[in-house]
Each structure stands twice: as C-alpha cells, then as structure tokens.
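Undergrad: Okay, here's the prediction I keep looking at, along with the sequence it came from:
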Amino acid sequence: MNIGILGTGSIARTMAAEFAKVPAFRCEAVCSRQQTTGEALAQQFGIPKVYTDYDAMLADPDIELVYIATPNSLHYAQTKAALLAGKNVLCEKPFVPTVAEADELIALAKEKHLFLFEAITTAHHPNYALAKQYLDDIGSLRIVSCTFCQYSSRYDALLSGQVPPVFDPACCGGALMDLNLYNVHFVVGLFGEPMLVSYHPNLYRNGIDTSGILLLEYPDFICQCTGAKDCAAPGSVQLIGDAGRILIEPGSSNCQKLRLVRPGQEDICSEYSESPWFYEVAEIAMILALKDYDACYAALKKTRQVVTVLEAAREDAQLGF
C-alpha cells in the first residue's frame, strides 16, 4: 500500500524507517509546510514525491494511506480531510481530544469503508498479548501501577520562555496527552473503561500539565498512571495480584521485557529485541492485507475508550484545550 506521510518530525522519520522494513508498504510521498524539510525526509528514505500542500497530496491517486504525524491539535481536521478524499488513515497518537470528534471520524471511516487506525505501539506488541494471557496466573488483581516519566528535550525551552507545541494548550499538548496516554492505552486495552477517573497534574504557568498522576478505579482494583515530561524515572508497568505479579519494562509504550513472578515458582520471562514500532507497522500491514475491518473496528473501539478516559481526566483537572 502506497503511503503519504504528513509531517517531518522525529516520529515521521522513525515510522518511515519502519515502513521500509515491511514489503507491503511503500512511502510514495511526503508533505511538509517547508519544501526543504520535505526534501530532506524524501532524500533520506528514497521517497519520490514531495508536497507542500496537503490537499494536493490528498488528490494524488497513487496515495492509498495517509500517515499523519503532526501536532495533536491538527489530527482531527487532517484525518477528516483524508477520509473525505477516500484515503485510509494511520493517525499518530493522541487520536483526537474529544469523544465527539472520535465518533465523527469513526463513523466517517465506516461510511466510506476505509481503514482508520491510531498509531499506538502498545496494542500490537507480543508481550502485551502475553500479559493478557498471564492475568489469571497472578490471582485476584489488586493494584496496577504504570510509570512513564521522560524529561522532555523541549522542557528547557519552555522554562526559557518559549512554548513548544508539546507544551502548548492550544496544540493539545501536555504530559497526559503525550506520555500518560500510553499508560491509559495499556490499562484500558486490558480492562476497558474505569468506573471513576481523576487526574492530579503539576501545572506550568500557561496551564499545561508538565506531569501528573491519573487514578483509574475499577470494581476490584485501583490503577495509578504516572506521566511526566518535567522529570525522569525508570519506566514500568506492574499488574499486582494476590498470587503474583506481572512486570513489564521499560513500560507501557515498549513492552520489551515481561516477567511473571509467583512465590515458590520459577519466573517466566519474555523479551523481544525489535523496536515497538515494528510490531505496530507489521500488524497494521497484515490487517490491511487481509482487509480485516473487524480488527480495525475493534481497535477503534479501544481508541474511543481511551479518548473517553483522557477527556474525563482533563475535565476532572479542569484542563481546557
């Protein structure tokens, strides 16, 4: 399937490299506001076409799927435009800020009989599937703890008076939407929507959350999701039951290492060496090849649940976009 890449940031380069590993994909075009940045990405990955106008790329009959790698606040409008142009879409996380926008895009994709995906690594990793398989082995689940704290390369710019998009409320930035989202995807993908959501952020003076703790309450257990862009710590997910625990490192965005720990029994370990994006791209390629709309719609259902939780968290903390 021929791909048109919208955006030229670091994640666009990461994904272009992953697309190149999967024979089912071919990067046909890149679209950037600036010709020079588009040409640089095209030259690096052997992409034949460069656009500076998004509508022009959408009008290209050779483009079958648009990969959207732009600031968060642009995802809704750009995804809608691609679907209306008859293109399948892979949209970077976070999908959209509101449930209303998610519902509109999902309905449009179904109406047009097009594939629509949120680019999220968690759901496609083999160790994530293994975590589901081992849940019964740890007994009654009591506590879930997720930590994703990564000092942002743009945080110093924020402190110096600049407002990078990732720390701009107008761009739907912040720690919840950028990093804690992975924790939410991990938990909601396993257990569905929680009964109660509360978010406790550290706020910068412009109102953006630079870090925060999200609490999700389920009928039989409680979950804390910590996400930070203003400090760093080792990442992990722990699913803790009364008969054992599952430890995943380095965390919810990359389930590289899994360990099942039970008292009196030998630990079971699983480790994968490929990048987390490899599994995402490979599985999406398989879904497309099989024309498996049911798998696509099941993933969209999970995406909608995550959007619901994130919107509830922002409302709880009175974070307005």
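TA: Yes, it's here. Because the structure is predicted, anything quoted here is derived from the model rather than measured.

Undergrad: ok, the residue nearest to Gly38 when sequence neighbours are not counted - how many residues close by?
TA: Distance criterion Cβ to Cβ, 6 or more residues apart in numbering; nearest residue to Gly38, sequence neighbours excluded, is Ser32 at 3.5 Å. Heads up, the C-betas are built off the backbone N, CA and C, glycines and all. Close neighbours of Ser32, defined as other Cβ atoms under 10 Å, add up to 23.

Undergrad: any idea of the pLDDT on the nearest residue to Ile222 once chain neighbours are set aside?
TA: Once flanking residues are discounted, Ile222 sits nearest to Ile143: 6.5 Å by Cβ to Cβ, 6+ apart. pLDDT for Ile143: 98.

Undergrad: List the buried residues in stretch 140-158.
TA: Using 16 or more other Cβ atoms under 10 Å as the test for burial, stretch 140-158 gives 141, 144-150, 152, 154-155, 158.

Undergrad: just stretch 220-227 next, same as before
TA: Those buried within stretch 220-227 under the rule 16+ other Cβ under 10 Å are 221, 223-227.

Undergrad: re the thing from before, closest to Gln238 out of the buried residues of stretch 140-158?
TA: Of all these, Ser145 has the smallest distance to Gln238: 4.6 Å, by Cβ to Cβ.

Undergrad: what helix or strand does the closest residue to the closest one other than its chain neighbours sit in?
TA: Spatially, and ignoring its direct neighbours in sequence, Ser145 is nearest to Gln238 (4.6 Å; Cβ to Cβ, 6+ apart). Here Gln238 is covered by strand 233-241, with elements defined by DSSP states H and E.

Undergrad: For that strand, list the C-alpha coordinates in CSV.
TA: Extracted in CSV, the C-alpha atoms of strand 233-241 (Å, rounded to 0.1, in the frame of the first residue of the first chain):
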residue,chain,number,x,y,z
ALA,A,233,12.5,7.9,36.2
PRO,A,234,12.7,4.2,35.1
GLY,A,235,9.5,3.2,33.3
SER,A,236,7.5,0.1,34.1
VAL,A,237,4.0,-1.4,34.3
GLN,A,238,3.2,-3.7,37.2
LEU,A,239,0.0,-5.8,37.4
ILE,A,240,-0.1,-7.0,41.0
GLY,A,241,-2.4,-9.7,42.2
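
Undergrad: Next, the residues that contact it from outside, please.
TA: Strand 233-241 is touched from outside by 131, 135, 138-150, 183, 186, 245-253, 255, with contacts defined as Cβ atoms under 8 Å, 6 or more residues apart in numbering.

Undergrad: just to revisit the earlier point, tally of neighbours for the residue nearest to Ser145?
TA: 16.

Undergrad: Could you list the low-pLDDT ranges of this protein?
TA: Scanning the chain for pLDDT under 70 picks out 321.

Undergrad: all helices of it, in order?
TA: All helices of the chain, identified by DSSP state H, fall at 10-19, 35-45, 54-58, 75-84, 99-112, 126-134, 155-159, 175, 181-191, 276-289, 293-316.
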